[in-house]
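Enquirer: Okay, predicted coordinates and the sequence, questions at the end:
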Amino acid sequence: MIQTPTSGLKLERASERPSVTPISMRSQLSADELADYIVEIGGTLVSYGCPSYRLEEVIRAVARSDGFEAQALAIPTGLFIELRGRGMTAPINRMVRVREWGVDLDRLTRVDEIFNDVADDKITIQTGRERLRALKQEPPRYPVFFQYLATAMASASAAVFFRGRPGEIAMAAAIGVVVALISRVLVKNPSGRFLVELLGGFAAATAAWIASRINPTLSREVLILSGIITLIPGMTLTTGIAELARKNLVSGSARLMEAFAAFLLIIFGIALALGIEKVSAGKLADAHVRGSTSFEVQVLAVFAAALAFAVLFNVPKRYVWSSIVSAGIGWITTGLGTRYLPGQVAAFGAALAICIFSNLAARVTQRPSQLFQLPGMTLLVPGSFGFLSLEAFLRGEIAGGATKAFEMLLIAGGLVAGILMANVLLPAKKLL
């Protein structure tokens with residue numbers, strides 16, 4: 001999901017401050033202590049969804065503010081740093097392995113606060129590291145019940161956007177909860193967590209098949225795609241392209257392969273269910289053609305989706321309003337753009353509008369712009385096109401699958417271009 005914005009870290013970029021005087025509280029800090037601090041907070045940021053190119057920039061600025069020079073290489077599964085300076089005869093190298101990662105905007109925001117307190121000389125680095133460790137032990141911001149409810153709302157909203165009828169909207173919400181239950185059970189097992197996409201896709205397709213057999217008017221395509229909407233790695237795909245655009249080739253390639261592997265597992269899980277359906281029924285059910293839903297229903301769906309992703313991304317409660325605003329901006333600009341422009345151009349305009357809003361909000365609140373950007377961008381990501389293209393290939397529709405795959409890449413490119421353009425027109429003036 002694009003993990004691509006800027007931050008509330010109160011350190012200036014190198015081009016804005018050519019020389020840096022070490023902060024008094026840390027002037028006697030040893031290189032080993034600084035290296036340990038940087039690698040710990042850097043690994044924490046990786047696990048909470050900070051893009052690699054932002055993290056590397058942050059690490060360089062933190063080291064420079066204390067009179068050192070740092071080189072960093074961040075990838076989704078780890079962080080490598082090299083620290084030089086202050087007459088050191090040999091560089092100090094540190095590495096941390098990240099085994100679990102995802103998007104947690106509440107913790108990302110609180111890490112940013114710790115960063116700011118250290119940079120402003122309010123606390124020592126040792127105190128900052130203690131607060132980081134305490135943060136890792138805290139429970140999620142929202143209870144489990146709200147996470148299930150948010151998943152149901154996200155799936156129901158997706159069914160609206162996919163032109164589902166009332167019965168399909170309700171069924172999609174139920175399938176979303178089933179997928180969430182499977183995910184929660186599997187992630188507790190070190191090996192089972194790798195089967196979340198596979199079994200989630202299988203469960204969604206099986207439930208959709210059973211529902212369509214009971215009520216033939218239900219669209220299996222709408223039910224499947226809406227039910228697995230929280231599993232589709234659209235943000236990972238878009239973030240990967242963004243990192244490639246910024247020449248973070250290793251991290252960008254890794255994210256693209258992660259998204260591709262997730263797509264394959266989802267589609268294979270669905271293929272298992274379709275195979276059972278074909279054996280038992282003799283053929284696959286035909287797709288249903290849908291008309292557009294009413295304006296009022298779409299507005300309600302956008303509102304519900306914004307609240308759902310605010311919970312799923314652990315947006316701090318005092319900033320939930322920003323998720324609604326961000327999602328609304330994306331929906332309005334996309335709706336206007338698709339009336340007169342190609343889809344990829346409309347995606348560019350929507351991403352540009354959302355990122356300008358998020359960068360402006362970051363300036364005003366002194367919080368990471370990712371906090372304001374991700375909920376809105378999630379509604380724009382092209383993951384559904386990736387799923388549809390793989391499903392078309394599965395059905396033997398080679399031309400249709402290739403068309404949808406190319407459209408997915410064009411839309412992802414439009415989103416990335418919009419993000420890059422917004423950061424030039426109105427930068428957040430923050431690093432994270």
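Expert: Good, I have the coordinates. Numbers count the residues shown, from 1 in each chain.
Enquirer: From what I see, G192 and L186 are in contact.
Expert: Yes: judged on Cβ atoms under 8 Å, G192 makes contact with L186 at a distance of 4.1 Å. Heads up, the C-betas are built off the backbone N, CA and C, glycines and all.
Enquirer: In terms of neighbours, single out the busier of these two.
Expert: Just comparing G192 and L186: by other Cβ atoms under 10 Å the higher neighbour count belongs to L186, 18 against 14.
Enquirer: Could you write out the alpha-carbon coordinates of the strand or helix carrying that one in PDB?
Expert: Here L186, judged by DSSP states H and E, is contained in helix 166-187. C-alpha atoms of helix 166-187 as PDB (Å, rounded to 0.1, in the frame of the first residue of the first chain):
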ATOM      1  CA  PRO A 166     -27.000  -4.300  -1.900                       C
ATOM      2  CA  GLY A 167     -26.800  -8.100  -1.500                       C
ATOM      3  CA  GLU A 168     -23.300  -8.200  -2.900                       C
ATOM      4  CA  ILE A 169     -22.200  -5.300  -0.600                       C
ATOM      5  CA  ALA A 170     -23.400  -7.200   2.500                       C
ATOM      6  CA  MET A 171     -21.900 -10.500   1.300                       C
ATOM      7  CA  ALA A 172     -18.600  -8.700   0.500                       C
ATOM      8  CA  ALA A 173     -18.400  -7.400   4.100                       C
ATOM      9  CA  ALA A 174     -19.000 -10.900   5.400                       C
ATOM     10  CA  ILE A 175     -16.200 -12.300   3.200                       C
ATOM     11  CA  GLY A 176     -13.900  -9.600   4.300                       C
ATOM     12  CA  VAL A 177     -14.400 -10.600   7.900                       C
ATOM     13  CA  VAL A 178     -13.700 -14.200   7.000                       C
ATOM     14  CA  VAL A 179     -10.500 -13.200   5.300                       C
ATOM     15  CA  ALA A 180      -9.500 -11.100   8.300                       C
ATOM     16  CA  LEU A 181     -10.100 -14.000  10.700                       C
ATOM     17  CA  ILE A 182      -7.900 -16.300   8.600                       C
ATOM     18  CA  SER A 183      -5.200 -13.700   8.500                       C
ATOM     19  CA  ARG A 184      -5.300 -13.200  12.200                       C
ATOM     20  CA  VAL A 185      -5.000 -16.900  12.900                       C
ATOM     21  CA  LEU A 186      -2.200 -17.500  10.400                       C
ATOM     22  CA  VAL A 187       0.000 -14.600  11.400                       C
END
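Enquirer: in that helix, what counts as buried?
Expert: 168-169, 171-180, 182-183, 186 (16 or more other Cβ atoms under 10 Å).
Enquirer: Pick the one among these closest to Y142.
Expert: For these, the closest approach to Y142 (Cβ to Cβ) belongs to A180, at 13.0 Å.
Enquirer: can you tell me which residues contact that closest one?
Expert: Q147, Y148, T151, A152, T230 (Cβ atoms under 8 Å, 6 or more residues apart in numbering).
Enquirer: Next one: it from I324, what distance?
Expert: Distance, A180 to I324, by Cβ to Cβ, to the nearest Å: 22 Å.
Enquirer: Could you do T217 as well?
Expert: Distance, T217 to I324, using Cβ to Cβ: 33 Å.
Enquirer: How about G337?
Expert: 20 Å.
Enquirer: neighbour count winner among those two?
Expert: Ranked by neighbour count (other Cβ under 10 Å), G337 and I324 place G337 first, with 20 against 17.
Enquirer: Kindly confirm whether my reading is correct that Y142 touches F309.
Expert: No: the pair Y142 / F309 is not scored as a contact, 11.8 Å apart, by Cβ under 8 Å.
Enquirer: out of these two, which sits in the busier spot?
Expert: F309 (27 against 17).
Enquirer: Quick check: of the contacts of A180, which lies closest to I411?
Expert: Comparing the contacts of A180 against I411 with Cβ to Cβ places T230 closest, at 19.3 Å.
Enquirer: Scan the contacts of A180 and report the most crowded one.
Expert: Counting by other Cβ under 10 Å, top hit in those: T151 with 26 neighbours.
Enquirer: Could you pull out the buried residues of the helix or strand in which it is found?
Expert: Per DSSP H and E: T151 is located in helix 144-161. Buried residues in helix 144-161, defined by neighbour count with 16+ other Cβ under 10 Å: 147-161.
Enquirer: where in the stretch 101-250 of the chain is pLDDT low?
Expert: Across the stretch 101-250 of the chain, nothing is flagged by pLDDT under 70.
Enquirer: Show me the domain layout of this structure.
Expert: Using automatic domain parsing, the domain parsing of the chain gives 24-137, 141-302, 315-432.
Enquirer: just how off-centre is the second one within its chain?
Expert: This points to domain 141-302. Here the centre of mass of C-alpha atoms in domain 141-302, compared against the chain's by Cα atoms, centre = their mean, to the nearest Å, lies 15 Å away.
Enquirer: Quick one: end-to-end distance for it.
Expert: For domain 141-302, the first-to-last residue distance is 22 Å (Cα to Cα, to the nearest Å).
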